[in-house]
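**Q** when you get a sec, could you give me coordinates for this:
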Amino acid sequence: MGISFKTILISKNMFKENNEWYVRLEFAQERERPPSITSRDEPSLQWLIPAIQQTLRSIFPFQYTLFSRMILILKEEEWEKIENKPDIGEEVTITVTDKKEIIIGKA
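**A** Okay, here's the model as predicted:
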C-alpha cells in the first residue's frame, strides 16, 4: 500500500560527485505557526509586549510557515524519468510504495 503525503518543493539543486550528476530536492510542509510565548511576570514590560507583537504581525503577516521535512537526492537518470518535473514553490504529492519506489506527482 505505501504512504502518500503532500509537500512543497522549496529547493532544487544539481551537484556532481564521483563523476556522476545528482539532483537534490528539498521539500517542506506548510504548518500553522505556533503561538508566541510571552512573560507577564514583569510589570514594567507589560506595555511593551503588545507593541512588539503588533509590530511583528505587521512585518510578518503570514499565519503559516514552512517546515523542512525531507531531502531527496536522485541520480540524474532518475530525475529524467519523472514526467512532470515540479518547479520550486509547487505543491507535489510524494508516494513511497511497499516496493520501495518513490513516486513524485504534481498535486
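
**Q** in this protein, which spans are strands?
**A** Counting by DSSP state E, residue ranges of the strands within the chain are 3-17, 20-32, 64-75, 91-96, 102-106.

**Q** I'd like the ones you listed written out as JSON lines, with mean pLDDT added.
**A** Shown next, in JSON lines, are the strands of the chain (pLDDT from 0 to 100):
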{"stretch": "strand 3-17", "mean pLDDT": "92"}
{"stretch": "strand 20-32", "mean pLDDT": "87"}
{"stretch": "strand 64-75", "mean pLDDT": "79"}
{"stretch": "strand 91-96", "mean pLDDT": "91"}
{"stretch": "strand 102-106", "mean pLDDT": "85"}
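
**Q** what's the closest of those to Ile82?
**A** strand 102-106 (5.8 Å; C-beta to C-beta). All C-beta atoms are positioned from the backbone trio N, CA, C, and that covers glycine.

**Q** so which elements touch the closest one?
**A** strand 91-96 (3 or more C-beta pairs under 8 Å, 6 or more residues apart in numbering; DSSP states H and E).

**Q** which among the strands of the chain is found nearest to Gln54?
**A** Nearest to Gln54, of the strands of the chain and by C-beta to C-beta, is strand 64-75 at 18.8 Å.

**Q** that'll do, ta.
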